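Peer 1: Test case, fold it:
(2 chains)
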Amino acid sequence: MNEIEHIKGIEQEAEKSIEQARDNAEKKIRETKTEKQQIIDAEKEKAKQEVSKMIDKEKKKAEKEVESLSRSIEEEIRDIRNKSQSGMEKTIQLINKGLME
Amino acid sequence: MGLDELESRIKKDAEEKIQVIDKETEEKIAKLRDEINQEAKAESGKILREGEQEAKLAYRRIIADIVIKGKDKIEKEKNTIIDEAFNKTRDSILKSSESDKTRFLNKLVDKDKNKVPNPKVIVDKKYAPLLKNSVAADLGDFGVIIESKDGKVRIDNTLNSKIERLKVTLKPQISSLLFK
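Peer 2: Residues are numbered from 1 along each chain as shown, chains lettered A, B, ... in the order given. Purely as a prediction, here's the structure:
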């Protein structure tokens, strides 16, 4: 009788261990599923930071270009002003003619 | 089968079952992690692709803005130079001799007098002595206004009005002389 009881106890213990293993397995899977959104959010955050860096980089690149373009514009304006002086006399004559007509 | 052997068998079976459960769990978790990583990569990839477009757009927007402002600045400078030409012409007329002013006023009258029935010539009181048979008024400008006696027809040949009209009609020719 004692032997049967002993074996039953061993079986129950074994069942308990298996049940425990199943519970642990389910817990691990649940935890992994819970981590899912955190992992995705972390990746998205990393991507957003990367995008922010890309935008800053492009803006800096554009600002350098703007400096260069601004210099070109100022230079063009100086050229326009200088060149216009040679045609100023003829322009005044043309306006005078227009006023008389 | 002895009792010890039976006990050992039960324990071994349980251990094997636990190993199978652990292995299956690891496989499930590995599969889950793989799916999660793929989904995370897809989401971050989308953000990166859109961000790349946004960054390029930000660059293009800044450049387009300076190009437009530059063109506007150049256009304003050209208009300023054209205005200077008109101002110089106006100054030279206003600083010319009395006889030159008289000749100018007469030309302004002769040119359009025939277009107005029963014309009267209105001149600013400051210049009225320069033009015979003119009516003095407070025009605040050099030049003449030719008006029919009934007031129905009126030609404004004051300097400012003529200049404003010439700014439109002569602009292509002036631009060609000054800027080409």
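Peer 1: which stretches of chain B have low pLDDT?
Peer 2: Across chain B, the ranges flagged by pLDDT under 70 are B:1.
Peer 1: For the residue of chain B found nearest chain A, which residues are in contact?
Peer 2: Closest to chain A within chain B is residue B:51: 2.8 Å, counting by CB to the nearest CB. All C-beta atoms are positioned from the backbone trio N, CA, C, and that covers glycine. Applying CB atoms under 8 Å, 6 or more residues apart in numbering or on different chains to residue B:51 gives the contacts A:47, A:48, A:50, A:51, A:52, A:54, A:55.
Peer 1: Then residue A:29?
Peer 2: Applying CB under 8 Å, 6+ apart, we find residue A:29 in contact with B:25, B:28, B:29, B:32.
Peer 1: what about it, which helix or strand?
Peer 2: Using DSSP states H and E, the element containing residue A:29 is helix A:2-100.
Peer 1: Quick one: distance of that helix to the chain centre.
Peer 2: Taking CA atoms, centre = their mean, to the nearest Å, one finds the center of helix A:2-100 at 0 Å from the center of the full chain.
Peer 1: I'd like the average pLDDT over it.
Peer 2: Mean pLDDT, computed over helix A:2-100, is 95.
Peer 1: contacting residues for residue B:92?
Peer 2: Residues near residue B:92 by CB under 8 Å, 6+ apart: A:92, A:96.
Peer 1: give me phi/psi at residue B:140?
Peer 2: Phi and psi for residue B:140, reported as degrees, to the nearest 10, are phi 70, psi 20.
Peer 1: ok, the nearest residue to it once chain neighbours are set aside - how many residues close by?
Peer 2: Spatially, and ignoring its direct neighbours in sequence, residue B:140 is nearest to residue B:124 (6.6 Å; CB to CB, 6 or more residues apart in numbering or on different chains). Neighbour count for residue B:124, taken as other CB atoms under 10 Å in any protein chain shown: 19.
Peer 1: For residue B:124, give me phi and psi.
Peer 2: Dihedral angles of residue B:124 (phi, psi; degrees, to the nearest 10) stand at phi -60, psi 140.
Peer 1: could you measure the residue of chain B closest to chain A against residue A:51, distance?
Peer 2: To residue A:51, residue B:51 is 3 Å away according to CB to CB, to the nearest Å.
Peer 1: what's the answer for residue A:83, then?
Peer 2: Distance from residue A:83 to residue A:51, counting by CB to CB: 46 Å.
Peer 1: quick one, which of these two is more surrounded?
Peer 2: residue A:51 (20 against 13).
Peer 1: Identify the single longest helix in chain B, thanks.
Peer 2: When chain B is parsed with DSSP state H, its longest helix is helix B:3-94.
Peer 1: Tell me what angle that one forms with helix A:2-100.
Peer 2: Orientation check (axes from the mean of the first three to the mean of the last three CA atoms, to 10 degrees): helix B:3-94 against helix A:2-100 gives 10 degrees.
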